[in-house]
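Participant: structure of the sequence below:
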Amino acid sequence: MNIYASLLLFTIIRIRCLRMDANHVQKWVRDRVGANKVVVFSKIQCPFCVKANGILSEMVPDDLTIFQLDDNPDRQKIMEYFGRTTGAATVPRVFIGGEFYGDCSKVVSEYCPHVYLFQVSTKDSGALRATLLAAGCNVTNLRGGPN
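Facilitator: Residues are numbered from 1 along each chain as shown. Just a heads-up that it's a prediction; the model follows:
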């Protein structure tokens with residue numbers, strides 16, 4: 001067996017060993033949600049993830065943690081877990097203060113209602129800001145100053 005075949009076999013075995021069962025998926029998600037004020041489970045090329053991540057990174061740059069699931073070998077199990085626990089097996093899944101908050105449409109609608117999903121706006125409705133403040137986040141306004 002040449003070096004490339006050995007490396008490929010090692011990688012496949014390692015990925016299979018790293019795969020989680022349902023209990024480990026639940027623990028993995030809960031550990032990440034519990035350790036951070038604002039958590040987004042995301043995929044890199046998802047336009048809804050990009051929009052939600054953009055709004056949250058403007059508002060809480062110091063309190064935001066984004067977990068990209070694209071290369072996670074357990075992303076299917078993680079998405080199934082989200083389907084059971086949050087009502088949808090889609091991304092983004094946004095958690096604030098240890099609790100499930102919503103998806104992109106909730107972030108956008110509570111950030112700036114009456115705006116189409118992919119328009120850029122500098123108006124903040126206050127609902128999202130209030131939720132972030134209640135979670136203990138240091139919320140920044142769009143002009144760059146702290147709230």
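
Participant: Gly97: how many residues sit nearby?
Facilitator: As a burial measure, Gly97 scores 16 neighbours (other C-beta atoms under 10 Å). From N, CA and C alone the C-beta is placed, and that goes for glycine too.

Participant: show me the shaky parts of this structure.
Facilitator: 1-19, 113-125, 141-147 (pLDDT under 70).

Participant: again, 90 this time
Facilitator: Low-confidence segments of the chain (pLDDT under 90): 1-23, 108-130, 137-147.

Participant: which SSE is Lys27 in?
Facilitator: helix 22-35 (DSSP states H and E).

Participant: so which bits of that helix are buried?
Facilitator: By 16 or more other C-beta atoms under 10 Å, the buried positions in helix 22-35 come out as Val25, Gln26, Trp28, Val29, Val33.

Participant: and for it, what's in contact with it?
Facilitator: Helix 22-35 is contacted from outside by Met20, Val39, Phe41, Thr65, Phe67, Asp74, Lys77, Ile78, Tyr81, Phe82, Phe95, Gly98, using C-beta atoms under 8 Å, 6 or more residues apart in numbering.

Participant: give me the distance between Cys112 and Pro73.
Facilitator: Per C-beta to C-beta, to the nearest Å, Cys112 is found 36 Å from Pro73.

Participant: which one of those two is surrounded by more residues?
Facilitator: Between Cys112 and Pro73, counted using other C-beta under 10 Å, Cys112 has the larger neighbour count: 19 against 14.
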